[in-house]
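>>> output the structure for:
(chains A and B)
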Amino acid sequence: MLSNPPGIEDIYPDRIDAWDRVTGAARDVFRLGNYREIIIPIMEYTEVFSRGLGDETDIVSKEMFTFEDRGGRSLTLRPEGTASVVRAYVANGEYNRLSSAKFFYCGPMFRAERPQKGRLRQFNQFGAEFFGSSDPYYDYEVIAMMHAISRRVGIGDFTLLVNSIGCPGADCRGEFIEQLKRYFTNHREALCEDCKRRLDRNPLRILDCKQEGCAALKKGSPSIADHLCQSCREHYTGVKEHLDAASVAYTEDPFLVRGLDYYTRTTFEFVTDRLGGQNAFAAGGRYDSLVETFGGKPTPAVGFAAGIERMLLLAGDAAIPASRLDAYLVHGGGESLRQATALARLLRESGISADLDPQGKSFKNQFKKADRESARFTVIIGGDEAAERSCTIKDMATGSQEKLPADECPARIRESLTGAKGRHGSD
RNA sequence: GUGGAUGUAGCUCAAUGGCAGAGCCCUGGACUGUGGCUCCAGUGGUUGCGGGUUCGAGCCCCGUCGUCCACCCCA
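Numbers count the residues shown, from 1 in each chain, chains lettered A, B, ... in the order given. A predicted model of the protein is given here:
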């Protein structure tokens, strides 16, 4: 028997209701915020990610599915969405000539990691990106959207971490990184091997290290909060004021630096302790220079992405719909099957979901199937009904039956369906 | 990439080195044109795969593949 590659899974119909609840909540919230969907490719030239995310990041250096096309060009299955959205934004004059643009996306991402709880090789994300303003309002807006989506799907016990990592300017992160380097160089021997390497290439990432020795050193290290330039400090304050005004609770975490190189100023994460070794189910931040990196004109931007499978692990179980099929047709074979088939077509054309089993053996057998499919009604066309072109509608919840002419069936079911809407699952 | 667990029926799991089992599911019957509840019966297995030890292996040993969990990293 053939199996799936590790960390790549099928999503069976049983999970789709919960799945749609998460993606549906995201789509609703995005629509309310005037964000519009963009469908970006599943693979890109490798350069899009290496240049966009940074060569030294773990994702680019060891977690991408990369291969050559037949012409020898290097392609990569997207490990995240932002780089592609930015590339698409820059490529399209219709959009990047606007003073601002709002996008959201939803789909699978790929990372060559070892699978575990909440971590897959093919996993799904939705995310939103805003282009065109450095106003802290937009940092707040994307955070507030993710906050609202979490609430809608029933995730309540999360913590929102926020931080500002400043801008690359000499009087801001530049100076801070110099001080960080000096501090950690003095304590070089206590650092883990990875962090010794980070010291030269990306000292900021040391703050993100969870090794005991490195984590202990963080306490005495210089804090980014003390080194923000005036405009970055004002920006950060602005973001927090917006969050306060909207009563979005957050915790400041001066060590939140994120794993991708493109972030500037605001970074944030939605974290929980219910995901095993993982803790974030959504994260994002501002990336004011990424559009330029892709050859566009300087355009500040901010966005986030959320892991759908992770949210599914966290979301409370919603009530299962009382019925998912409107009508199941029970027939007695021969002419009554022919009439049932015709009635099923009629029902479907009227927007009523209908199913039947042409091989249906006994009535008992067919009723069992109706029950298993959670049918709201069964429609019986046996020998008696077939002879007089009628049908018997049975309400599966109450057990009551009603016989009527077959052509009145769709209207009758439609009527009960809308009338009974509020009663679904009441007993 | 590193480490630890684990793999038996469709599912959840039993079985001291000695006849491969239970519950649920599924199929049928009690109820011949009426589901759920109950009762009865039945189907279902190369014990992941390949070697080895043994009179005898689901169990012990070696290898391999898969899965889970953790490190790491991240959504």
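
>>> ok, which stretches of the stretch 101-250 of chain A are strands?
Assigned by DSSP state E, counting those that start in this stretch, the stretch 101-250 of chain A shows strands spanning A:101-110, A:122-131, A:159-164.

>>> what's the most buried one of these?
strand A:122-131 (a mean of 24; mean count of other Cβ atoms under 10 Å). All C-beta spots, glycine's among them, are computed from the backbone N, C-alpha and C.

>>> which elements pack onto that strand?
The contact analysis (3 or more Cβ pairs under 8 Å, 6 or more residues apart in numbering; DSSP states H and E) places strand A:122-131 against helix A:13-32, helix A:82-91, strand A:101-110, helix A:136-152, strand A:301-307, helix A:308-314.

>>> mean pLDDT and distance to A:Tyr328 for the ones you listed - can I get that in CSV?
CSV is the format used below for these (pLDDT from 0 to 100; distance: least, Cβ to Cβ, whole Å):
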stretch, mean pLDDT, distance to A:Tyr328
helix A:13-32, 93, 17
helix A:82-91, 96, 44
strand A:101-110, 97, 33
helix A:136-152, 97, 32
strand A:301-307, 97, 37
helix A:308-314, 93, 30
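
>>> wait, which of these is closest to A:Glu241?
helix A:136-152 (7.7 Å; Cβ to Cβ).

>>> so the closest one versus helix A:13-32, what angle?
Interaxial angle, helix A:136-152 versus helix A:13-32 (axes from the mean of the first three to the mean of the last three Cα atoms, to 10 degrees): 150 degrees.

>>> find the closest residue to RNA strand B in the stretch 201-350 of chain A.
A:Gly259 (1.6 Å; Cβ to the nearest atom of the strand).

>>> was I right to think that residue contacts A:Asp58?
Yes. When contacts are counted by Cβ atoms under 8 Å, A:Gly259 is listed as touching A:Asp58 (6.3 Å).

>>> which residues of the stretch 151-300 of chain A lie near RNA strand B?
Counting by Cβ under 7 Å from any atom of the strand, the residues of the stretch 151-300 of chain A close to RNA strand B are A:194, A:208-211, A:258-260, A:269, A:276-283.

>>> quick one, grab the pLDDT at A:Arg423.
We have a pLDDT of 43 for A:Arg423.

>>> same check on A:Asp157?
89.

>>> that one - nearest residue in space that isn't next to it in sequence?
A:Thr272 (6.3 Å; Cβ to Cβ, 6 or more residues apart in numbering).

>>> give me the distance between the nearest residue in space to A:Gln122 that is not next to it in sequence and A:Ser50.
In space, and not counting its chain neighbours, A:Gln122 is closest to A:Ile8: 4.5 Å by Cβ to Cβ, 6+ apart. According to Cβ to Cβ, to the nearest Å, A:Ile8 and A:Ser50 sit 23 Å apart.

>>> quick one: which of those two has more around it?
A:Ser50 (20 against 14; other Cβ atoms under 10 Å).

>>> can you tell me, leaving aside adjacent residues, what's nearest to that one?
Closest to A:Ser50 by Cβ to Cβ, 6+ apart is A:Val60, at 5.2 Å.

>>> send me the host helix or strand of the one you found as CSV with only the CA atoms.
Taking DSSP states H and E as the criterion, A:Val60 maps to helix A:58-62. These are the backbone C-alpha positions of helix A:58-62, laid out as CSV (Å, rounded to 0.1, in the frame of the first residue of the first chain):
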residue,chain,number,x,y,z
ASP,A,58,16.9,28.6,9.0
ILE,A,59,14.0,28.4,6.7
VAL,A,60,16.1,29.2,3.6
SER,A,61,19.3,27.5,4.6
LYS,A,62,17.8,24.1,5.6
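
>>> show the average pLDDT along that helix.
88.

>>> count of neighbours near the closest residue to RNA strand B within the stretch 51-200 of chain A?
In the stretch 51-200 of chain A, the residue that lies nearest RNA strand B is A:Lys117 (2.9 Å; Cβ to the nearest atom of the strand). Residues lying near A:Lys117 (other Cβ under 10 Å) number 12.

>>> if we can go back for a sec, name the helices or strands packed onto the helix holding A:Val60?
So helix A:58-62, by 3+ Cβ pairs under 8 Å, 6+ apart, packs with helix A:46-53.

>>> tell me the angle the helix it packs on makes with helix A:82-91.
Going by the same axes, to 10 degrees, helix A:46-53 makes 100 degrees with helix A:82-91.

>>> could you double-check that A:Glu37 sits in contact with A:Lys102?
No. In this structure, A:Glu37 is not within contact of A:Lys102 by Cβ under 8 Å, at 10.3 Å.

>>> now intersect the residues of the stretch 151-300 of chain A next to RNA strand B with the helices, please.
Residues of these located in helices (DSSP state H): A:Asp194.

>>> buried among the residues of the stretch 151-300 of chain A next to RNA strand B? Need that as a selection in PyMOL.
Those of those that count as buried under 16 or more other Cβ atoms under 10 Å are selected in PyMOL with:
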select buried, chain A and resi 208+209+258+260+269+278+279+280+281+282+283
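
>>> count the residues that sit near the residue lying closest to A:Gly383 once chain neighbours are set aside.
Computed as Cβ to Cβ, 6+ apart, the closest residue to A:Gly383 that is not its neighbour in sequence is A:Gly332, at 5.2 Å. Using other Cβ under 10 Å, A:Gly332 has 20 other residues around it.
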